[in-house]
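Participant: Following is a predicted model, sequence given first.
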Amino acid sequence: MRNFSTILVTGGAGFIGSNLINYLFGQGGFEGRIVNVDALTYAGNPESTAEVLTAHGGKRYFFEKADICDRPAIEAAFEKYHPDAVVHLAAESHVDRSILGPEAFIKTNVMGTFTLLDVARTAWKGREDVLFHHVSTDEVYGSLGDSGFFSEETPYDPRSPYSASKAGSDHLVMAYHHTYGLPVTLSNCSNNYGPYQFPEKLLPLMILNMLSGKPLPFYGDGKNIRDWLYVEDHNSALWTIMRKGEVGRDYNIGGENEWENIRLLSRLIEIVAEETGADPETYRSLITYVKDRPGHDRRYAIDCSRIKSELGWRQAHSFDEGLRDTVRWYLTNPGWCERVRSGEYRSWLDRNYGAR
Ligand code: NAD
Ligand code: TYD
């Protein structure tokens, strides 16, 4: 089993990255140092790792505000902290935004990944006791019909600027392994849900819109299917791959948990109503069908038998339990939602890290 002394996490102020840092210092049992490199775009909020900062700041936890496309800044982070692992999550991550403005996706997801890979290759100079783990999505595989699953052998067929940019980054990661011998692992995961997710993605958007009586916008016929996984289970899978995964190998991660969007919303409405004591009919009356997303992938479903059989990973949270915990988190953290949406977290950053 691999061990690391310093892990450089990119995108650690975002949804999955902040949960990963909290997990590594908690249940994951990691005993070394973590450096969080994040540009703090609209989707990043350093407040999501506030407890880690209080417990470990300046000793085992460090934050560097930097763009992964900024080569001198990334080189400086490598020189300052000498990481022996990188787990790369920084990305532009929302499909709808990629349709409205693809350029930022190409810059961060393709050029940013290239910059990180190239700095790591130069800094690590052929070392084998290091690892670059790249976090990617099942969306690189395209869209499924009514049957079948994405496996690691499924050919890439990305259909949105987001998934095309992630596919490009995946290919670069594997190319750096085959060409330069960079020790890499790669994972492609299905849709995540849980605390600290920016409220533009389906579940937090719907929860917050219910609470404020706003329409619940469904694209097309509402029958698109996604495979949902609790974010902590994704992070336990990432940590398993980082420690036990075979170098140069890719692993699919999924929840084996397919839901049609509209059926998922019905379950969500029931849970939110139970938690708030409101009449579920009030929420149901907010459902609004809107124009479909262009190129909207119909169905995603993951075959994750490789990570289960080869690395022994299992998800630990049932969907009902994870969904209820997520609803409770959004109900009890309205301040986080307001601050991340308004950009007001920046003053929190200045108070806690000094003005930057
Ligand atoms: P997110 O949008 O919540 O967070 C992205 C983070 O990256 C933010 O903190 C942002 O500030 C940072 N960032 C963006 N551009 C940057 C740049 N140029 N330099 C440095 N930092 C930058 O995203 P997420 O949902 O946490 O996703 C994290 C990773 O996981 C992404 O690579 C995404 O493709 C992948 N992924 C996400 C899901 C999902 O369901 N959310 C599923 C599978 C894979
Ligand atoms: P999303 O959370 O954007 O994730 P992704 O597109 O990366 O899978 O969307 C999940 C599903 O929900 C997808 O089928 C699009 C749909 N959707 C809506 O119907 N309405 C919305 O407002 C959003 C954000 C998504």
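Facilitator: Arrived safely, thanks for sending. Numbers count the residues shown, from 1 in each chain. Ligands and ions are numbered 1, 2, ... in the order given.

Participant: what does this protein have sitting close to ligand 2?
Facilitator: 95, 191, 201-202, 205, 217-219, 224, 226, 261 (Cβ under 6 Å from any ligand atom). Placement of C-beta: from N, CA and C, glycine included.

Participant: Could you tell me which residues make contact with Trp336?
Facilitator: Contact analysis of Trp336 by Cβ atoms under 8 Å, 6 or more residues apart in numbering lists 45, 47-48, 196.

Participant: who wins for neighbours among these?
Facilitator: Ranked by neighbour count (other Cβ atoms under 10 Å), these have Asn45 at the top, with 27 neighbours.

Participant: Report the separation between that residue and Lys107.
Facilitator: 21 Å (Cβ to Cβ, to the nearest Å).

Participant: Equivalent analysis for Thr179, please.
Facilitator: 23 Å.

Participant: before we move on, what about Arg328?
Facilitator: Applying Cβ to Cβ, the value for Arg328 to Lys107 is 37 Å.

Participant: Over to Asp227: give its phi and psi.
Facilitator: Dihedral angles of Asp227 (phi, psi; degrees, to the nearest 10) stand at phi -110, psi 110.

Participant: still on that earlier bit, wait, which of the contacts of Trp336 is closest to Asp279?
Facilitator: Tyr196 (29.0 Å; Cβ to Cβ).

Participant: Quick check, the closest one in contact with Ser48.
Facilitator: Yes - Tyr196 lies in contact with Ser48 (Cβ atoms under 8 Å); the separation is 4.5 Å.

Participant: Common neighbours of the two, please.
Facilitator: 18-19, 336.

Participant: related to what we said a few turns ago, what two of the contacts of Trp336 are the furthest from one another?
Facilitator: Largest separation among these by Cβ to Cβ: Glu47 and Tyr196, giving 9.0 Å.

Participant: This protein: strands as residue ranges?
Facilitator: For the chain, applying DSSP state E gives strands covering 6-10, 33-38, 61-65, 85-88, 131-137, 184-189, 191-193, 216-219, 225-230, 250-253, 258-260, 287-290.

Participant: Compile these into a markdown table and extend it with columns for distance to ligand 1.
Facilitator: Output for those, formatted as a markdown table (distance: least, Cβ to the nearest ligand atom, whole Å):
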| stretch | distance to ligand 1 |
| --- | --- |
| strand 6-10 | 6 |
| strand 33-38 | 5 |
| strand 61-65 | 9 |
| strand 85-88 | 7 |
| strand 131-137 | 4 |
| strand 184-189 | 4 |
| strand 191-193 | 4 |
| strand 216-219 | 16 |
| strand 225-230 | 8 |
| strand 250-253 | 8 |
| strand 258-260 | 14 |
| strand 287-290 | 21 |
